[in-house]
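*Asks:* Generate a structure from the sequence data that follows.
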Amino acid sequence: MTDNPEIADTKALDDRKELIRSVSERPPSDGPYLAESTARYILFQSNENDTANESDIEDVLSDLPLRLTRFLYDLAILSQGGYLDNLDTNWDKLNDVPYALSLVSRKSHGRETVSNRNNSHFTLGFDIGLGLSTLTGTISEDKRASEFLAGFTTAYSTDHYQRTHDTNDREYSDEIDTERKQLLEQYGIEPTEYIDRLIQTYNLGWSNIVDRDPLTAKEATQEYLEERISDRFGRCSHLRTELEEEWDSIGEASVLGMSAEEALKALWELTSRKHTNLEGGRKAANLVNSAEIAKEAGKRSMYRNQVSHVLNRLSTEGKEPSEEVDRTFEAKEIVQYDGNEWKLTGYGALLLYHVFEKREDPAWIQEAALRKSLPDEVSRYTETGSRILENGLDDYYDE
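*Replies:* You can find the predicted model right below:
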């Protein structure tokens, strides 16, 4: 443990008193730290020396980049000299960070977590994250925070093959290897950049763990597909192919005055809006009938008959069951009529989500199926997307 009084572990006090104690222990320095008087002014809303304290606060805020820059430069220099190579020694030093800081930090920022509360490593990471997130905002508050977090997690996922400062180190390939592409296609898997990088990450990371040379692209792909890919992923890949074929032939349901894409786009918008209102505790919108769909498509309600004709072709029973109606859907019915309004089937909702929300990007289904995101990318799927995929799978496979 350290003898430095500034970071000595002490019994947790009242959070404001602990913050005052922390700054009072700081030695004289040219570093732009908060003075004890300024900290008291902030925490206790003292009216004394307002102008001077506000000036001190502005100085501290202005110099935050300098403090961060100095810290990162110090780490870079120490790393270059090999002084940070022993991770056990580094962690011994990090363990000197007082636990009282964690309690005060969480109360000050107004955020807590029950996860791994007794894990000191998690605690330190969470507390650092709290401090940084007050500067950057959280990922739900600011897009730049998502980009910052992506960079942060990428640094933590990088192994020695990926570091760019050594020209002898091995890096990721930006282009999909021909043999990998062919092998993925043989397995019925779309060779996306996502799945390619996922396999590269596994190959480099696992090779580092077991102390072996990275496998060739073909060997790594074969190993990943045989050891890491589940039956669920295969079913999702097959269903994605069905969705693509379904949409390719969707125009066959079109009639004069109303295309199938127009009708389905309007149906999707109305259905999504209705679900959003219901989940938010608001009054549901009008019934999703043929007239409403026509109006949403930018046409007069008199086009409701055309809408019905289109959707009848995409439904087993339709609005008015008739053997004379030419059913044009390929794999499963897309819509159903419940006597009052049109509703999407699980398969239909997945189709329209895939087309209108995800622009037919195959990678989102792959990522949702594997539940693995790349460390330097924002996840392609959401809780809503996962739920729609599960419902689509259940409907398509009649589960």
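*Asks:* all contacts plus neighbour counts: C-alpha atoms, from now on.
*Replies:* Will do.
*Asks:* The nearest residue to Ser24 once chain neighbours are set aside: neighbour count?
*Replies:* Nearest non-adjacent residue to Ser24, counting by Cα to Cα, 6 or more residues apart in numbering: Glu36, 5.7 Å away. Glu36 has 17 neighbouring residues, counting by other Cα atoms under 10 Å.
*Asks:* The residue lying closest to Ile250 once chain neighbours are set aside: how many residues sit nearby?
*Replies:* Using Cα to Cα, 6+ apart and skipping residues adjacent in sequence, the residue nearest Ile250 is Ala260, 6.4 Å away. Neighbours of Ala260 under the rule other Cα under 10 Å: 22.
*Asks:* And for Ser301?
*Replies:* 16.
*Asks:* Could you do Leu124 as well?
*Replies:* 18.
*Asks:* So the nearest residue to Asp177 once chain neighbours are set aside versus Glu190, what's the distance?
*Replies:* Closest residue to Asp177 apart from its sequence neighbours, by Cα to Cα, 6+ apart: Ala217 at 6.7 Å. To Glu190, Ala217 is 16 Å away according to Cα to Cα, to the nearest Å.
*Asks:* Lys372 now?
*Replies:* Counting by Cα to Cα - Lys372 and Glu190 are separated by 16 Å.
*Asks:* More neighbours: which of those two?
*Replies:* Counted by other Cα under 10 Å, Lys372 and Glu190 do not tie: Glu190 has more neighbours, with 21 against 11.
*Asks:* Name the residues of the longest helix anywhere in the chain that are buried.
*Replies:* Determined from DSSP state H, the single longest helix within the chain is helix 260-279. Of the residues in helix 260-279, 260-268, 270-271, 274 count as buried by neighbour count, 16 or more other Cα atoms under 10 Å.
*Asks:* before we move on, what about stretch 325-342?
*Replies:* If you call a residue buried by 16+ other Cα under 10 Å, then stretch 325-342 has these buried ones: 325, 327-330, 332-337, 342.
*Asks:* do stretch 298-314 as well
*Replies:* 301, 303-304, 306-314.
*Asks:* try stretch 100-112
*Replies:* By neighbour count on 16+ other Cα under 10 Å, the buried set for stretch 100-112 is 100-106.
*Asks:* Skip the chain neighbours and tell me the closest residue to Gly346.
*Replies:* Gly392 (4.4 Å).
*Asks:* Run through the stretch 201-350 of the chain and note the low-pLDDT ranges.
*Replies:* 279-285, 321-323 (pLDDT under 70).
*Asks:* For it, just list every one of the helices.
*Replies:* 217-227, 231-248, 260-279, 290-296, 304-313, 346-352 (DSSP state H, counting those that start in this stretch).
*Asks:* Output the contacting helices and strands for the fifth one.
*Replies:* Meaning helix 304-313. When contacts are defined as 3 or more Cα pairs under 8 Å, 6 or more residues apart in numbering; DSSP states H and E, helix 304-313 packs onto helix 260-279, helix 290-296.
*Asks:* One more pass at 6 Å, please.
*Replies:* Applying 3 or more Cα pairs under 6 Å, 6 or more residues apart in numbering; DSSP states H and E, one finds that helix 304-313 makes contact with helix 290-296.
*Asks:* Tell me how this protein divides into domains.
*Replies:* Annotated domains of the chain cover 15-157, 178-229, 230-399 [automatic domain parsing].
*Asks:* Out of those, which is the most enclosed?
*Replies:* domain 230-399 (a mean of 18; mean count of other Cα atoms under 10 Å).
*Asks:* Check the offset of it from the chain's centre.
*Replies:* Distance, stretch centre to chain centre, for domain 230-399: 24 Å (Cα atoms, centre = their mean, to the nearest Å).
*Asks:* hmm, back to that, in terms of secondary structure, what does the longest helix of the chain contact?
*Replies:* Packed next to helix 260-279, using 3+ Cα pairs under 6 Å, 6+ apart, are helix 290-296.
*Asks:* got the CA positions of the helix it packs on in CSV?
*Replies:* The C-alpha trace of helix 290-296 is given here as CSV (Å, rounded to 0.1, in the frame of the first residue of the first chain):
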residue,chain,number,x,y,z
SER,A,290,-56.8,-0.6,-46.0
ALA,A,291,-58.0,3.0,-46.1
GLU,A,292,-55.4,4.1,-43.5
ILE,A,293,-52.7,2.3,-45.4
ALA,A,294,-53.7,4.0,-48.6
LYS,A,295,-53.5,7.4,-46.9
GLU,A,296,-50.2,6.6,-45.4
